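# Build me a model from this:
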Amino acid sequence: MAEHRSPDPDLPAHRYSASLAATIEAAWQDRWEDEGTFHAPNPVGDLSGGFDTLGGRPKRYILDMFPYPSGAGLHVGHPLGYIGTDVFARYLRMTGHNVVHTMGYDAFGLPAEQYALATGTHPRVTTETNIATMRRQLRRLGLGHDHRRSIATTDVDFYRWTQWIFMQIFGSWYDEDADRARPVVELEAELDDGTRVPAEGTNPSGRPWSELDAAERRVVVNRHRLAYRAEVPVNWCPGLGTVLANEEVTADGRSERGNLPVYRRPMKQWMLRITAYADRLLDDLDQLDWPEAIKSMQRNWIGRSTGAQVRFATPTGDLEAFTTRPDTLFGATYVVVAPEHPLVTGLTAEVWPEGTAPSWTGGATSPAAAVSAYVTAAGRRSELERQAGDKAKTGVFTGSVATNPATGEPMPVFVADYVLMGYGTGAIMAVPAHDQRDLEFARAFGLPVTEVIRASDAWRATHGVDEAAPADTWPVAYDGGGEAVASANDEVTLNGLGVAEAKATITAWLEERDLGRGKVQYKLRDWLFSRQRYWGEPFPIVFGADGEARALPSEALPLELPPMDDFTPTTSDREDSEPEPPLGRVEGWSTVAVDLGDGEGTQTYRRELNTMPNWAGSCWYELRYLDPHNDEQLVAPANERYWMGPQFDGDCGGVDLYVGGVEHAVLHLLYARFWHKVLFDLGHLSSSEPFRRLFNQGLIQAHEYTDDRGFHVPAAEVVERDGRFLHDGNPVRRQLGRMGKSRKNAVAPDEICEAYGADTLRLYEMFTGPLDQSRPWDTTAVVGMYRLLQRVWRVVIDEESGAVRVADVEPSDATLRVLHRAIASVRNGMETLRFNTSIARITELTNHLTATHPDGGVPRPVANALVLLLAPLAPHVAEELWARLGHDGSLAHEPYPAADATWLVDTTVEIPVQVNGKVRGRVTVAADADRDAMEAAARSEEKVAALLSGATIRKVVIVPGRMVNFVVA
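Prediction:
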């Protein structure tokens, strides 16, 4: 490679400077790309070239959570994880691994569409422009990606397979007996031969399968599918013209994007039956090498709980409620149903019963008026807002009562928004003595509070509750364990039993009397999968005259998103407005004539006009990286098995290291696990989990500044004067927070690369702390890593002449000891992703070489090792120094230095010498010196010898290898 010189005339011609760094970095990035340095070969297919050479090495699949291509581009906080995975991947290549590492773009979704609407530019144009910007920025950082594998979720060749996966989900049902998904054609075969009957709730006609016509059978089958349409409560945002997922709604019931009102209302939407996988998603967490905090978040989100489903008789039929504490049934004094509960209308009486408390009526003249007004108001609140613990409990009486099956007592039935339809049955039996929410509601409405679990002495002492105090006077509910009291009828008694035994006893009694049954319940709900917007994957679904969904044939894929000049969603300020997806306005697209291969010939069908959410592409992109150009399969089995397959018995397989933010702990990771398991069940994958190991990188934080109005001001324009922070002469408030364009504190990586070079930026981000910890950004501190690289450069290169200044001599024992200790520590930092410790050891080695060889002449083997140690962290300067040291080719696959254990053992140690317990000197002795040798060395120390002269030595205390203490009179 041609020798590079500094273009700055005011500096020595060969000093490592920002301008020289830029020249070196651009040259090496071009060379890596031209030579395919980071190409990882597959076992089969178009990317298999070189597999015969590298395929015998251990493999590693390193993956970043791919970014959304924002128009603002990257700030220095974004690449923290990307640089970390690149350092680790480079280290793995140098330690003999075949490593696949690439980067793609999660490019569909509402943000891109909203930006396009604001600017009048088509989202594909803005998305592709943004991707080009990010690719340029990432390339400048020297990330060693295999660019042949890069994808964007908006690529037609990519979302063709997203649609194909949806068809696999639509074409499957969950066989609970086999505990896996199976194709619906097998379900139909078993229904045909009588070995299976339709599952509960799937056959509205109630007639045997053999008597159903084709249309009725289609209804039954569609109700079994893992992808199905259902009338469900959704977050409808008329101002955006689309349904939003829970995570897109703020706690106060407004859209995260646009801050527009969101309403809860029932709509027919596509749902994915993720609940069928609840147990596997929960239990299989034990197989994963993930942070325990993330596992805990997923466990809580799935929310498995064991209890009983109890039937309460009402004037209009049985009302079922799930409870995790059936042992408290005797203490249930009222029932609450969610506003969305399908029985609300039937439970609502015509008139208020005599004696109804005014506080129960909501000020309405009739139950119907009260319930209607309350249900409407509840629909304007988000689920987060409804579940807020500090919110005053509200509700209205339906006018109906339910009978407690254990006591026979009537219990008023209320509608209240603190109960959600998505968990359990949407109805609860309220036990106010032993549930805090129920107690708060009971106090608000003057309802009875009955103790049925004896409160512990410790709880009574903590809350100052006397043994004789009635439960309705307790300051808080008692929700702990204890023996049951006041819990008996003529047929069953729980009195004196502990919680577990009482649960079992009452559940058995309920089942014997057909009043309830034991049940496992989950917080997890099926995944709402429809969006009424343009910029998303079209569904490969059509509807016949009967309104039932049918899948397009595979050869019809990809179903491309049609071009639109006006993709503005139909918005409204009316809560009762209906969704009008933009695709419905594409002339000639909303209907299609096609032969579905079902024996009905070519028919005209109505297309699905909704699109998929942006989560769809991110559920499986890690698979497509492995075989991005395969036109015949999602991924060739040999490629998936090689990169992601199980490595030993009991291994779930998956990506070897997945790095991303903790904000994706639940939704993305849970959705991806679900899709992966469906594909595994259907035989398309050998791995049962997508991500074997997960690592959450921290945040890079930055100071943000706000004026007296609370508006952010540009951080770069703030000055500090006399301990105060000023912008345009006015005081502003400073606080540490996330870096971002909206906070006006973003620092672009391009700025740092211009000022110092990409290698300096890489080193600084890796040095400021362990990868999993957040850290503040300080531009002024970047210079420290810049100076380190300059010192490393001077170890090898003469700044004036550009000559290599190393010597072909043997290193001293002292240098070998420092070198090999550095190697051991650097490797440990690499293995544990604590790159800051690796950089610290490289700094120590550099400082040692600078101090011991101030005029040059560092032994060549030591200089080689220093450059190789640095290579994963600062690859451009390392490549340049490696070339100047006389090596041909890139060092990307050179063996990483290994420590010689001989030099890790101390041959001598320095020990303190004490006189009467005070350190008076230090001496160096052999590490294995015996007691006599240690004492002799200690006596010879000049200051110690003077103190001992003429003194009476009463005792000599020696700790081998540690210290000598003379006790004198």
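# now the strands for the stretch 401-550 of the chain?
Residue ranges of the strands in the stretch 401-550 of the chain, as given by DSSP state E, counting those that start in this stretch, are 410-415, 427-430, 516-521, 527-528, 541-543, 549-551.
# Skipping its backbone neighbours, what lies nearest residue 690 in space?
Closest residue to residue 690 apart from its sequence neighbours, by C-beta to C-beta, 6 or more residues apart in numbering: residue 676 at 4.3 Å. (Each C-beta comes from the backbone N, C-alpha and C, glycine too.)
# Report whether that neighbour is found in a strand, as I expect.
No - counting by DSSP: H, G, I helix; E, B strand; the rest coil, residue 676 is not found in a strand; it is helix.
# For burial, what's the neighbour tally of it?
25 (other C-beta atoms under 10 Å).
# That one contacts residue 692, doesn't it?
No - Residue 676 is not in contact with residue 692 according to C-beta atoms under 8 Å; the separation is 11.5 Å.
# Low-confidence ranges, the stretch 651-800 of the chain, go.
Counting by pLDDT under 70, not a single residue of the stretch 651-800 of the chain qualifies.
# In terms of pLDDT, where does residue 3 sit?
According to the prediction, residue 3 has pLDDT 60.
# Please disregard the earlier target; I meant residue 872.
98.
# That one contacts residue 830, doesn't it?
Yes - contact criterion C-beta under 8 Å: residue 872 and residue 830 qualify, at 6.8 Å.
# what's near enough to touch residue 105?
When contacts are counted by C-beta atoms under 8 Å, 6 or more residues apart in numbering, residue 105 touches 66, 67, 68, 69, 127, 131, 134, 150, 151, 152, 153, 154.
# can you put those residues in TSV and add neighbour count?
Shown next, in TSV, are those (neighbours: other C-beta atoms under 10 Å):
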residue	neighbour count
66	23
67	21
68	17
69	25
127	26
131	18
134	20
150	18
151	23
152	20
153	26
154	24
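# And these, which is closest to residue 941?
Of all the contacts of residue 105, residue 941 sits closest to residue 67, with 62.4 Å by C-beta to C-beta.
# Can you name the helix or strand that that closest one falls in?
Of the helices and strands defined by DSSP states H and E, none includes residue 67.
# Just the pLDDT for it.
At residue 67, pLDDT is 92.
# My guess is it contacts residue 135. True?
No - Residue 67 is beyond contact range of residue 135, at 10.8 Å (criterion: C-beta under 8 Å).
# And stretch 326-342, what's buried?
By neighbour count on 16 or more other C-beta atoms under 10 Å, the buried set for stretch 326-342 is 326-341.
# likewise stretch 61-76?
Result for stretch 61-76 [16+ other C-beta under 10 Å]: buried residues 61-70, 73-76.
# Distance to residue 920 and secondary structure added to these, as a markdown table?
What follows is the buried residues of stretch 61-76, written out as a markdown table (distance: C-beta to C-beta, whole Å; DSSP: H, G, I helix; E, B strand; the rest coil):
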| residue | distance to residue 920 | secondary structure |
| --- | --- | --- |
| 61 | 60 | strand |
| 62 | 55 | strand |
| 63 | 59 | strand |
| 64 | 57 | strand |
| 65 | 59 | coil |
| 66 | 63 | coil |
| 67 | 62 | coil |
| 68 | 66 | coil |
| 69 | 67 | coil |
| 70 | 65 | coil |
| 73 | 63 | coil |
| 74 | 59 | coil |
| 75 | 57 | coil |
| 76 | 52 | coil |
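# Tell me which residues are up against stretch 637-645.
So stretch 637-645 is contacted by 42-45, 55, 59, 61, 100, 622-623, 626-627, 653-655, 685-687, 690 (C-beta under 8 Å, 6+ apart).
# how about a cut-off of 7 Å?
Outside stretch 637-645, the residues within contact range by C-beta atoms under 7 Å, 6 or more residues apart in numbering are 42-45, 59, 61, 100, 623, 626-627, 653-655, 685-687.
# quick revisit: of the contacts of residue 105, which is the nearest to residue 178?
For the contacts of residue 105, the nearest to residue 178 is residue 153 (32.2 Å; C-beta to C-beta).
# So for stretch 674-690, first residue to last residue, what's the gap.
9 Å (C-alpha to C-alpha, to the nearest Å).
# thinking again about what came up before, quick one: closest of the strands of the stretch 401-550 of the chain to residue 49.
Once these are compared by C-beta to C-beta, strand 549-551 is nearest, at 36.8 Å.
# Centre of the chain to that closest one, how far?
Averaging C-alpha positions (C-alpha atoms, centre = their mean, to the nearest Å) puts strand 549-551 32 Å from its chain's average.
# Past that strand, which element shows up next along the chain?
Assigned by DSSP H and E, the successor of strand 549-551 is strand 591-595.
# Output the lowest mean pLDDT helix or strand found in the chain.
Within the chain, no helix or strand scores below helix 383-387, which has a mean of 74 by mean pLDDT, DSSP states H and E.
# How about residues contacting that one?
246, 251, 252, 253, 417, 418, 420.
# Tell me the one of those residues nearest residue 481?
residue 418 (24.4 Å).
# Show me where the stretch 401-550 of the chain has its helices.
Secondary structure of the stretch 401-550 of the chain, counting by DSSP state H, counting those that start in this stretch: helices at 436-445, 457-463, 499-512.
# before we move on, what about the stretch 151-300 of the chain?
Counting by DSSP H, counting those that start in this stretch, the helices of the stretch 151-300 of the chain are 156-170, 184-193, 214-224, 278-283, 292-302.
# out of these, deepest packed?
Counting by mean count of other C-beta atoms under 10 Å, helix 156-170 has the highest mean neighbour count of those, with a mean of 20.
# Also compute the angle for that helix relative to helix 214-224, please.
100 degrees (axes from the mean of the first three to the mean of the last three C-alpha atoms, to 10 degrees).
# I'd assumed residue 312 was in a helix, is it?
No - assignment of residue 312 by three-state DSSP gives strand, placing it outside any helix.
# Tell me who's in contact with it.
Counting by C-beta under 7 Å, 6+ apart, residue 312 has contacts 318, 319, 321, 335, 402, 403, 404, 405.
# That one and residue 453, how far apart?
In this view, residue 312 and residue 453 are 20 Å apart by C-beta to C-beta, to the nearest Å.
# For the nearest residue to residue 728 once chain neighbours are set aside, grab the count of nearby residues.
The spatially closest residue to residue 728, leaving aside those adjacent along the chain, is residue 717, at 7.6 Å (C-beta to C-beta, 6+ apart). When neighbours are counted by other C-beta under 10 Å, residue 717 registers 12.
# Residue 717 and residue 923, how far apart?
59 Å.
# now swap in residue 354 and tell me
Applying C-beta to C-beta to residue 354 and residue 923 gives a distance of 100 Å.
# Compare those two (neighbour count), which wins?
Set residue 354 next to residue 923 and count neighbours by other C-beta under 10 Å: residue 923 wins out with 19 against 5.
# Double-check that that one belongs to a strand.
Yes - with three-state DSSP as the criterion, residue 923 is located in a strand.
# chain center to stretch 501-521, what's the gap?
38 Å.
# Could you check that stretch and say which residues are buried?
502, 503, 505, 506, 507, 509, 510, 515, 516, 519, 521.
# Also stretch 32-51?
32, 37, 38, 39, 40, 41, 42, 43, 45, 47, 51.
# which residues touch the closest residue to the last one other than its chain neighbours?
Closest residue in space to residue 51, ignoring its immediate chain neighbours: residue 41 at 3.9 Å, by C-beta to C-beta, 6+ apart. Under the criterion of C-beta under 7 Å, 6+ apart, the contact list for residue 41 reads 47, 48, 49, 50, 51, 54, 55.
# element containing residue 369, please.
helix 367-378.
# just the angle between that helix and strand 410-415, please?
Using the same axes, to 10 degrees, helix 367-378 lies at 50 degrees relative to strand 410-415.
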